[in-house]
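S.K.: Coordinates for the following, if possible.
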Amino acid sequence: MEISEFQTKIEQLQYELNIENQRGGLKDAAKVERLEAQIAELTAELEKPEVDPVIARGEEEIALFGVPLGAYFATIADHVAVRSVVIPAFRQLINEKKDLEDGYHKLSETSEAESQRLNEVIEARDTEIATLKAALYESKLQAEDNASKRDNVYSELLEAKKTIDELNAKIAASTVTKEQIRTNLDGAAVVKKVKRVIYDVVYTGKWNEKFTAKYADTDESFEDYTLYKDTKYQEVQAEEAATFRTEFLAKQEQERNHEDMAQHSSVEDEPVTVPAFREEDTNSTEHRLAEGTSNVAGSSVTREEFEALKSTVKRLESEVFTVREVA
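M.R.: Predicted coordinates for the structure are as follows:
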């Protein structure tokens, strides 16, 4: 309400008060008291310093409903929209109630029936006020329920996004093709990875920028930057690393055997004069070698047979070198 409106209202009430006082002993004491109270209230309101509109709205809502309404709305626009409907209606009901109470006081001495009617109207207005308060409370509960549902939906959305990201990562990992070279050693298929296979990984450094590990095939320890771990190496468990180590040792053993066989072949090509006292041993050795060769020809060689053959070859080399020294 503007200051001019306050002043106009005060002047109007003062005029009614003066008229009533001029009646002397016939004046309505209750009306005089009410007019004086209204004038005092408006005068006090007019003398109040200007306050912030938001604070003024909050104080007005506390006076009418007992609580400020702003806390129950997500935006100021919603708050203002509800105020524009609820506050005028509520004030209108209060004013009507006051008018009816005034009328009730005036007619109380002359008409009991009219007083009863006005009382019923007042009760109806009170019921409407209670209904508005109940509707406001229901709106608060609905707003809290909507906020709870919104939070739950958001949590479910984050969980679903996390699940989708994990599935996409698994799909991407499963579709990556790795170049493989297949060999065969001792009748067992062995897969040689393009990446170096490692195990026993331990991260080091202040920010885990480095790591130490062991090669699965050679069991050698090394250190490298964590940045290259997934691009240069393939990590396996310690139990799996034993397989790579066994295969590596078997391959080294096979390469050494090939070298030994090649050296033995070159020695046999040289002319050697064998003394008579070695003839029996040489013949028996050749017989044993021929016998061992006939045993492995046309069939797969077991580990025990392979070791026996290797021992025989080494023994033959030793005997041949001895013969050459005697010659």
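S.K.: tell me which residues in the helix or strand hosting Leu93 are buried?
M.R.: Here Leu93, judged by DSSP states H and E, is contained in helix 76-107. Of the residues in helix 76-107, those scored as buried under the neighbour-count criterion (16 or more other CB atoms under 10 Å) are His79, Val82, Arg83, Val86, Ile87, Phe90, Lys97, Leu100, Tyr104, Lys106. In this view, the C-beta of every residue, glycine as well, is placed from N, C-alpha and C.
S.K.: The first one against Ala71, yeah?
M.R.: The one in question is His79. No. Shown here, His79 and Ala71 do not form a contact pair, counting by CB atoms under 8 Å, at 9.2 Å.
S.K.: Look at Phe211 and give its secondary structure.
M.R.: Secondary structure, DSSP: H, G, I helix; E, B strand; the rest coil: Phe211 is strand.
S.K.: Please list all residues in contact with the residue lying closest to it once chain neighbours are set aside.
M.R.: The spatial neighbour of Phe211 that comes closest, neighbours along the chain excluded (CB to CB, 6 or more residues apart in numbering), is Tyr203 at 4.8 Å. With CB atoms under 8 Å, 6 or more residues apart in numbering as the criterion, the residues that contact Tyr203 are Lys210, Phe211, Thr226.
S.K.: are any of the residues you listed buried, and which?
M.R.: Among the contacts of Tyr203, the ones that count as buried by 16+ other CB under 10 Å are Lys210, Phe211.
S.K.: And the contacts of Tyr203, which is closest to Lys251?
M.R.: The shortest gap between Lys251 and any of these belongs to Phe211, at 27.0 Å (CB to CB).
S.K.: so how far is Arg315 from that closest one?
M.R.: Here the distance between Phe211 and Arg315 works out to 48 Å (CB to CB, to the nearest Å).
S.K.: strands paired with the lengthiest strand in the chain, and their directions?
M.R.: In the chain, ranked by residue count with DSSP state E as the criterion, the top strand is strand 196-204. According to DSSP bridges, strand 196-204 forms sheet pairs with strand 210-215 (antiparallel), strand 233-235 (parallel).
S.K.: Adding distance to Leu17 and mean pLDDT, write those out as JSON lines.
M.R.: Written out in JSON lines, the entries for the strands paired with strand 196-204 read as follows (distance: least, CB to CB, whole Å; pLDDT from 0 to 100):
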{"stretch": "strand 210-215", "distance to Leu17": "93", "mean pLDDT": "94"}
{"stretch": "strand 233-235", "distance to Leu17": "96", "mean pLDDT": "92"}
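S.K.: Compare the ones you listed and give me the one nearest Asp151.
M.R.: Of all the strands paired with strand 196-204, it is strand 233-235 that lies closest to Asp151, at 40.2 Å by CB to CB.
S.K.: Could you give me the buried positions within that closest one?
M.R.: Judged by neighbour count using 16+ other CB under 10 Å, the buried positions of strand 233-235 are Tyr233, Glu235.
S.K.: Show me the contact partners of that strand.
M.R.: Lys193, Lys195, Arg196, Val197, Ile198, Tyr199, Val201, Ala213, Asp224, Lys229.
S.K.: The last one contacts Glu209, correct?
M.R.: Which is Lys229. No. Proximity of Lys229 to Glu209 does not meet the contact threshold set by CB under 8 Å, at 10.8 Å.
S.K.: who's more crowded, the two?
M.R.: Set side by side, Lys229 and Glu209 show more neighbours around Lys229, with 17 against 11, by other CB atoms under 10 Å.
S.K.: Need the CA coordinates for the strand or helix carrying that one. PDB is fine.
M.R.: If you go by DSSP H and E, Lys229 is part of helix 229-232. As requested, the backbone C-alpha atoms of helix 229-232 are provided in PDB (Å, rounded to 0.1, in the frame of the first residue of the first chain):
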ATOM      1  CA  LYS A 229      52.300 -50.600 -19.900                       C
ATOM      2  CA  ASP A 230      49.100 -51.300 -22.000                       C
ATOM      3  CA  THR A 231      50.700 -50.500 -25.400                       C
ATOM      4  CA  LYS A 232      53.900 -52.500 -25.100                       C
END
